[in-house]
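> Please find the sequence and the predicted model below.
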Amino acid sequence: MIPDTMETAAPPKPRPRHRAAHLVLGVDDRIASTVFGTITAMATVAVSGRAFPDSPWTVEELLASTAVVLWIAHLYTHALSESISDDRRLSGARVWSLAVRELGILLAAIPPSIALTLGAVGLFDETTSIWIALAAGLAILAVEGVRYARIEGLGSAAMLVVVAANVGIGLLVVLLKAEVLH
């Protein structure tokens, strides 16, 4: 028996820089929403960048609005699914938990949005900002592949396969931008 004074200590709070990285990159059960959000953000940038190549503000607006709509749709469908599969009404606490878990869909739009903003204010030319936004997505997909492999305890070879799969999906979006739309 463990004395009351030796109860399990709470894990240390992450430093602010780590908290920001955890929010944007997702942790544990949030990795899926981050990967989904990143892929949809990249697809939005690719398609919107083709339609509005000289307007990073417009591309950013479309990116943000698409992320919000997909987050709401994802939250709604997961809530319905869980309510049906658990055969009970959803509580406010459970909906909140789902909203937080799926937050990666919204947060994944931040890095490409920053790149587009930098293009809109003139730090990069418009086309460059779109390519940087797509590169940011590829980098996030690579990081998420590594995080997933570590959580699953995969070896180096399996980690490379997971990273290649994640980045490969992102590269398909980039190819769409580079070859099909131009």
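The structure has been received and is ready for your questions.

> Could I get the buried residue list for the helix of greatest length in the chain?
Counting by DSSP state H, the longest helix found in the chain is helix 56-86. By neighbour count with 16 or more other CB atoms under 10 Å, helix 56-86 contains the buried residues 56, 58-60, 62-64, 66-67, 70-71, 74-75, 78-79. Placement of C-beta: from N, CA and C, glycine included.

> If we only consider those residues, which is nearest to G119?
P56 (4.0 Å; CB to CB).

> Next one: the closest one from T44, what distance?
13 Å (CB to CB, to the nearest Å).

> same question, R147
Counting by CB to CB, the gap from R147 to T44 is 23 Å.

> re the thing from before, elements contacting the longest helix of the chain?
When contacts are defined as 3 or more CB pairs under 8 Å, 6 or more residues apart in numbering; DSSP states H and E, helix 56-86 packs onto helix 31-51, helix 92-101, helix 104-107, helix 110-120, helix 126-151.

> out of those helices, nearest to I84?
helix 92-101 (13.2 Å).

> Contacts for that closest one, please.
D29, R30, S33, L75, H78, A79, E82 (CB atoms under 8 Å, 6 or more residues apart in numbering).

> was I right about the fourth one contacting L103?
By that I understand L75. No: using CB atoms under 8 Å as the test, L75 is too far from L103 to be in contact (9.5 Å).
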